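>>> Quick one, structure for this:
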Amino acid sequence: MKICDTVNSKLYKNDRAILHSDCNCFYASVECLLNPNIRDLPVAVSGDAENRHGIILAKNEEAKKYNIKTGEAIWQAKKKCPQLLTVPARLDVYKKFSYKVRRIYSDYTDMVESFGLDEAWLDISEDYKNDALTIAKEISQRVKDEIGITVSIGVSFNKIFAKFGSDYKKPDAITCITRDNYKTLVWNSPAGDLLYVGGATRKKLEQIGIYTIGDIANAPIGLLRTHLGKWGDLIYGFANGYDS
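Below is the predicted model of the structure:
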């Protein structure tokens, strides 16, 4: 098959075409869309701002400039950016926007797997195998034109690398991870950039000298099993693009 523009279609004819689409700064993007007056300000969607234990749920690109982190306490975020504007989360509103985005996805395939409200995988192998990049561009433009927010999309031959692609460059970007380039783009990235390698797993990997996704892919599977159990098999397969 042809994914993007660089793959020999005969060599990879049995591959799939998977997109992973991620709505950029989703909650904050929706709030800024609905209230243009705050669009150019550092904005974060949070829990109860009156509660010292409230946390940041999402932030816009302006807030990212101040190194505001999702999950940190509001008071910590405001120490970094005293002018940070926090707005309460409105999940009912975000669900409506999520539905609108998924309606666009459904025009291309009925094989859509949501990953939270703001992310989804799309298997477009059946009808759009040879036009994956074109379809990604079309979806990106339609979300922008019809809904008013942006998405970043990863295009690949499996779900894990497609997810990596949507995270690789943001906002409003499309990244192709192919069999010709994944060892350069994916393997040279930190181990923590691989889906399901969280902080605890990353620390265990570092203790045995594994720092990149390529290190995971090329590690003896027995070593990974010894230190991570069945999780070692899982991430070994993910790092090598074996996801089926």
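>>> Longest helix in the protein, please.
helix 91-105 (DSSP state H).
>>> quick one: buried residues of that one?
Buried residues in helix 91-105, defined by neighbour count with 16 or more other C-beta atoms under 10 Å: 94, 97-98, 101, 104-105. C-beta coordinates here come from the backbone N, C-alpha and C atoms, glycine included.
>>> Just the residues contacting that helix, thanks.
21, 23, 26-27, 30, 34, 112, 114, 117-118, 120, 122, 139, 142-143, 146-147, 149, 151 (C-beta atoms under 8 Å, 6 or more residues apart in numbering).
>>> Pull the distance from that helix to the chain's centre.
Centroid separation for helix 91-105 versus its chain: 17 Å, with C-alpha atoms, centre = their mean, to the nearest Å.
>>> what do you get for stretch 101-118?
Mean-position distance between stretch 101-118 and its chain equals 14 Å (C-alpha atoms, centre = their mean).
>>> how about the CA coordinates for it, as CSV?
C-alpha atoms of stretch 101-118 as CSV (Å, rounded to 0.1, in the frame of the first residue of the first chain):
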residue,chain,number,x,y,z
VAL,A,101,-15.6,16.1,15.0
ARG,A,102,-16.5,12.4,15.0
ARG,A,103,-19.3,13.1,12.4
ILE,A,104,-16.6,14.3,10.1
TYR,A,105,-14.5,11.2,10.7
SER,A,106,-17.5,9.0,10.0
ASP,A,107,-17.7,10.4,6.4
TYR,A,108,-14.5,8.4,5.7
THR,A,109,-14.8,5.2,7.7
ASP,A,110,-17.0,3.4,10.2
MET,A,111,-13.9,2.1,11.8
VAL,A,112,-13.4,4.9,14.3
GLU,A,113,-12.0,4.2,17.8
SER,A,114,-12.2,7.1,20.3
PHE,A,115,-9.4,7.7,22.8
GLY,A,116,-11.1,10.1,25.1
LEU,A,117,-13.1,13.0,23.9
ASP,A,118,-10.4,14.6,21.8
